[in-house]
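K.L.:
Here is the input, now give the coordinates:
(2 chains)
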Amino acid sequence: MEKQVQKTGFLRKIEKSTLWLLLLLIGLVVVVSIAAPKQFVTLANFQSMGFQLPEFGIMSLGMMICMIAGGIDLSIVGMANLSGIVAAAFMHAVGVDSTAGMAGGICLALVVGMACGAFNGLLIGGLRIPAMLVTLCAQQIFMGLGLVITKGPAIAGLSEAYQVIGNGVVANAIPIALVLFIGVAVVLFFVMKYTVYGQQLYLLGSNPVASRYSGVNNIKVIVKTHMISGLLAAVAGIVISSHYGSAKSDYGSAYTLQTLLICILGGISPVGGKGKLAGVVLAIVIIQVISSAFGILRVDSFLKTFVFGLILIAVMIMQYWAGSGSKKIKTTKEKQIG
Amino acid sequence: MSDVFLKVTGIKKSFGGVQALKGVDLEIKKGEVRSLAGENGCGKSTLIKVISGAHSADAGEVVIDGKRYDSLTPMDAICAGIQVIYQDFAVFPNLTVAENIALNYELDTCQKTVNWKEVKEIAQKAMARIGAEIPLDVLVERLSVANKQMVAICRALLNDAKLVIMDEPTTALTAREVARLFDVIRMMQENGIAVMIVTHKLDEVYEIAETLTILRNGEKVAEGPINEFDRPRFIKSMTGRDIEEVFYRPEQNDNKILEVQGISREGAFQDVTFDLYEGDVLGITGLLGSGRGEIGEALFGMAPATSGSIKMGGQEIKIKSVGDAMKNGVGYVPEDRLTEGLFLELPIGTNTIAASVKSYLHGGRLDYKAMNESMWKWIKDLSVAAPSPEPPIKTLSGGNQQKVVLAKWLNTKPRLLILNGPTVGVDIGSKTDIHKILRGLVADGVGVIVISDDLPELIQNCNRVLIMRGGKLAGCFETTDLDETKLSALLSEQA
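P.N.:
From the prediction side, this is the model:
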């Protein structure tokens, strides 16, 4: 097909790394299935994975585009919680059971997420402050704002209808949140592949100076990227608050590291400009399987954060080795031969 | 002991599937000045890296001063007295001249503390050896290119160099600075230091080198004393084909494509006025810092002019941003290909369409088939030496990379194309190709402005040349009245 014709060489390379991830996933599933066949290979387990995965999965996609743009977004969790809190507060204000209130709350959450992203994007793109600093500070700001609104404890008592988003299933088995995640991934795939923005995202991430000299409006692309990240964070925030039936400022604090880990594992280059959505989606599933395995094998869940940190470092070391051997990952500093 | 300092035999080196060196022999005698010439991508850089220990060869032998090295490390090479001065000199811009020259040496003595007095004395002595006079306390970032180079040379000599390899040492130097550099090289030669100059500038080869080695496609194709080579043989050996140096006189008519009236930008250029006629190639030249490049950046909206007017096709236009410039059909090939022109990690094809992604939007989605067609079309039309659009552009040689940068702009169908240093670091073959492309553009009615310090290039291609001096337009000359010497004199003339 046309895609094949156009990117045979590149596709082959992509397929190799994607294949590697796929093998890793299959290997993991086999190992966990053998270790705990009765608990792992069950509908209930797959369903519960389907409930957990979308929360950090959607966030990871936001992290992914920020990293492809050559930056990072450490404020995703803050944006998610703030969006969820604003939605919850709004729904309480207009009456918990009002359908219009719920629709309004959700829309408001999405707007809050995009506004937070725009704030990040303008500071990073317009004032050229490193993304790492901006989003780390922004995380504090968003969490602080959330605390101000909630005054500490969770805003509970959200309507049954709202809780369906995070807890409901379609076709008697498939979590609505999972469907939402798949929908988000498909739309994002289209955006990255078939829009001008998607191409400019890779150009910017690969070489911001050259992209400026090629007529790319860098500031616009950066702001857009962080607004999308904020929007996705808001979607994740809605899923989380719906799942718990409440909104709080410090839900999902471990997700920041987890999304970073997923992107690196999924082949997103830490220096920008490289990586594909398919790899990240596979990495999301892999991390979910590992996470579930912890629960099933009854490993201390506090150990999980530690292990995720270790995996992140291990993956980067492996990529470094692979890079120095087969020149898979290269920094722009390396010059061409000849 | 023989007087041969370095001898390499049968060096082979390949990267992935590309064989960069196919069994190269090279011999350098003590105190010899040899020129290593060849087009970009011929394996010059790879050979240097093998000699300096940065790459290990796949096969072949390196013998330095009678000692055979199986696996030469960079440290071995330095200890044996081989020093490489790269194009960017690898100086520390944030340190002073004295620190740059002597700090390394001082640290090598393994004392725990730095004796600053000694550092200065060492630096002073090193400079005296080549007769350089640069204030010791100045930060290196504030030096001119030529002086940075002197600092790099001083540092190399301190490390007890016996062979100094210089990679394209003259690209950023004015004629006077080149002469100065050559004096220094002769001084080193008198001290028994061998020098190998990597270059593809013919005139320099004749002026300074005693012997010449020419590489082509990873093989040594010619070697011998310089007087055995005349210009045609030199070019033939480098390119493998006969190239005549044709002078091009565009046929211009009276239609003005571009009228620039009194544009200024604080600190860059003042009150610059010129017209560009249809069918003309306009040259802009001047020394570094004369504002020649800034005019290009202004017309492209990168650093817009703050006053004055610009008319295209008789209509006044405002260029306040790159977006404005592109809307009006202005394209710009920037000076620094690697950092400003290319997305090194991205495929060749992506690079060709980087400035025109929008034009492939059909029915709300990008048309990959059309994109792919454009990529192949440019690779074929501009004879880019690439098997397909997929490999990253960093795998191409300078000349081919530059063609791709050009393709990126041709693909936008520009009405005015500004090229800043279109053939810097480009081999002769590609240079000729690029000049041909420009002529084709002009014939199609596109306005072309070439900003360059390559004077023969300007004389060969342009009808008129604007000369910038200290941010002001110093004059506009018909190239029929000019030759290189005259132009060179005009550049540095005190206004």
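K.L.:
rest of the way, CA atoms for contacts and neighbours
P.N.:
OK.
K.L.:
So which bits of chain B are right by chain A?
P.N.:
Residues of chain B lying near chain A by C-alpha under 8 Å from any C-alpha of the partner chain: B:20, B:40-46, B:302, B:322-323, B:326, B:332, B:334, B:339-346, B:354-355, B:357-358, B:361, B:364-369, B:372, B:390-391, B:394-397.
K.L.:
Please repeat the previous calculation with a cut-off of 7 Å.
P.N.:
Residues of chain B lying close to chain A by C-alpha under 7 Å from any C-alpha of the partner chain are B:20, B:40-46, B:322-323, B:339-343, B:345, B:354-355, B:357-358, B:365-366, B:369, B:372, B:390, B:394-395, B:397.
K.L.:
Now the stretch 101-250 of chain A against chain B: closest residue?
P.N.:
Residue nearest to chain B within the stretch 101-250 of chain A: A:Ala210 (4.2 Å; C-alpha to the nearest C-alpha).
K.L.:
what residues are up against B:Val164?
P.N.:
Going by C-alpha atoms under 7 Å, 6 or more residues apart in numbering or on different chains, B:Val164 touches B:Ile82, B:Gln83, B:Val84, B:Ala194, B:Val195, B:Met196.
K.L.:
and the gap between A:Ala210 and B:Ala175?
P.N.:
According to C-alpha to C-alpha, to the nearest Å, A:Ala210 stands 31 Å off from B:Ala175.
K.L.:
neighbour count winner among the two?
P.N.:
A:Ala210 (25 against 13; other C-alpha atoms under 10 Å in any protein chain shown).
K.L.:
Check which helix or strand that one maps to.
P.N.:
helix A:208-213 (DSSP states H and E).
K.L.:
buried sites along the helix or strand just after that helix?
P.N.:
Next in sequence after helix A:208-213, counting helices and strands by DSSP H and E, comes helix A:218-244. Residues of helix A:218-244 classed as buried under the neighbour-count rule (16 or more other C-alpha atoms under 10 Å in any protein chain shown) are A:218-219, A:221-244.
K.L.:
try stretch B:112-122
P.N.:
Quick answer for stretch B:112-122 (16+ other C-alpha under 10 Å): B:Val119, B:Lys120, B:Ile122.
K.L.:
cool, and stretch B:56-69?
P.N.:
Going by 16+ other C-alpha under 10 Å, stretch B:56-69 has these buried residues: B:Ser56, B:Ala57, B:Asp58, B:Ala59, B:Gly60, B:Glu61, B:Val62, B:Val63, B:Ile64, B:Asp65.
K.L.:
Check stretch A:273-290 too.
P.N.:
For stretch A:273-290, by 16+ other C-alpha under 10 Å, it's A:273-290.
K.L.:
returning to that earlier point: out of the buried residues of stretch B:56-69, which two sit at the greatest distance?
P.N.:
Comparing every pair within these by C-alpha to C-alpha identifies B:Asp58 and B:Asp65 as the most remote, at 21.6 Å.
K.L.:
could you pull out the strands for the stretch 1-150 of chain B?
P.N.:
B:4-15, B:18-29, B:33-37, B:59-64, B:67-69, B:82-85 (DSSP state E, counting those that start in this stretch).
K.L.:
Parallel or antiparallel, list what pairs with the last one.
P.N.:
Read that as strand B:82-85. According to DSSP bridges, strand B:82-85 forms sheet pairs with strand B:163-167 (parallel).
K.L.:
For the next helix-or-strand element following the strand it pairs with, give me every contacting residue.
P.N.:
Tracing the chain past strand B:163-167, the next element assigned as helix or strand by DSSP H and E is helix B:175-190. Contacts of helix B:175-190 with the rest of the structure, by C-alpha under 7 Å, 6+ apart, involve B:Gly31, B:Glu32, B:Ile130, B:Ala146, B:Thr170, B:Ile208.
K.L.:
ok, how many other residues are close to the third one?
P.N.:
Look at B:Ile130: counted by other C-alpha under 10 Å, it has 19 neighbours.
K.L.:
pLDDT score assigned to the closest residue to it other than its chain neighbours?
P.N.:
Among residues not flanking B:Ile130 along the chain, B:Val184 sits closest, at 5.8 Å (C-alpha to C-alpha, 6 or more residues apart in numbering or on different chains). Per-residue pLDDT puts B:Val184 at 89.
K.L.:
repeat for A:Val209
P.N.:
94.
K.L.:
correct me, but it touches B:Leu338?
P.N.:
No: with contacts defined as C-alpha atoms under 7 Å, A:Val209 does not count as touching B:Leu338, sitting 10.1 Å away.
K.L.:
one step back: quick check: the two most widely separated of the contacts of B:Val164?
P.N.:
Between all members of the contacts of B:Val164, the farthest pair (by C-alpha to C-alpha) comes out as B:Val84 and B:Ala194, at 11.9 Å.
K.L.:
how about B:Ile449, phi and psi?
P.N.:
For B:Ile449, the backbone dihedrals (degrees, to the nearest 10) come out as phi -120, psi 130.
K.L.:
quick revisit: can you get me a residue count around the residue nearest to B:Ile130?
P.N.:
When neighbours are counted by other C-alpha under 10 Å, B:Val184 comes out with 18.
K.L.:
Likewise for the one 10 residues further on?
P.N.:
Applying the criterion other C-alpha under 10 Å, we find 26 residues in the vicinity of B:Ala194.
K.L.:
quick one: the helices in the stretch 351-495 of chain B?
P.N.:
Using DSSP state H, counting those that start in this stretch, the helices of the stretch 351-495 of chain B run over residues B:368-381, B:398-410, B:428-443, B:455-461, B:484-492.
K.L.:
Would you indicate which residues of the second one are buried?
P.N.:
This points to helix B:398-410. B:398-410.
K.L.:
go on, the third one?
P.N.:
Within helix B:428-443, the residues scored as buried using 16+ other C-alpha under 10 Å are B:428-435, B:437-439, B:441-443.
K.L.:
I'd like those as a markdown table, with distance to B:Val272 appended.
P.N.:
Converted to a markdown table, the buried residues of helix B:428-443 look like this (distance: C-alpha to C-alpha, whole Å):
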| residue | distance to B:Val272 |
| --- | --- |
| B:Ile428 | 33 |
| B:Gly429 | 34 |
| B:Ser430 | 32 |
| B:Lys431 | 29 |
| B:Thr432 | 30 |
| B:Asp433 | 31 |
| B:Ile434 | 28 |
| B:His435 | 26 |
| B:Ile437 | 28 |
| B:Leu438 | 24 |
| B:Arg439 | 26 |
| B:Leu441 | 25 |
| B:Val442 | 23 |
| B:Ala443 | 27 |
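K.L.:
ok, the closest residue to A:Asn207 other than its chain neighbours - contacts?
P.N.:
Sequence neighbours aside, B:Phe343 is the residue nearest to A:Asn207 in space, at 5.7 Å (criterion: C-alpha to C-alpha, 6+ apart). Contacts for B:Phe343 (C-alpha under 7 Å, 6+ apart) come out as A:Leu203, A:Ser206, A:Asn207, A:Ala210, B:Asn351.
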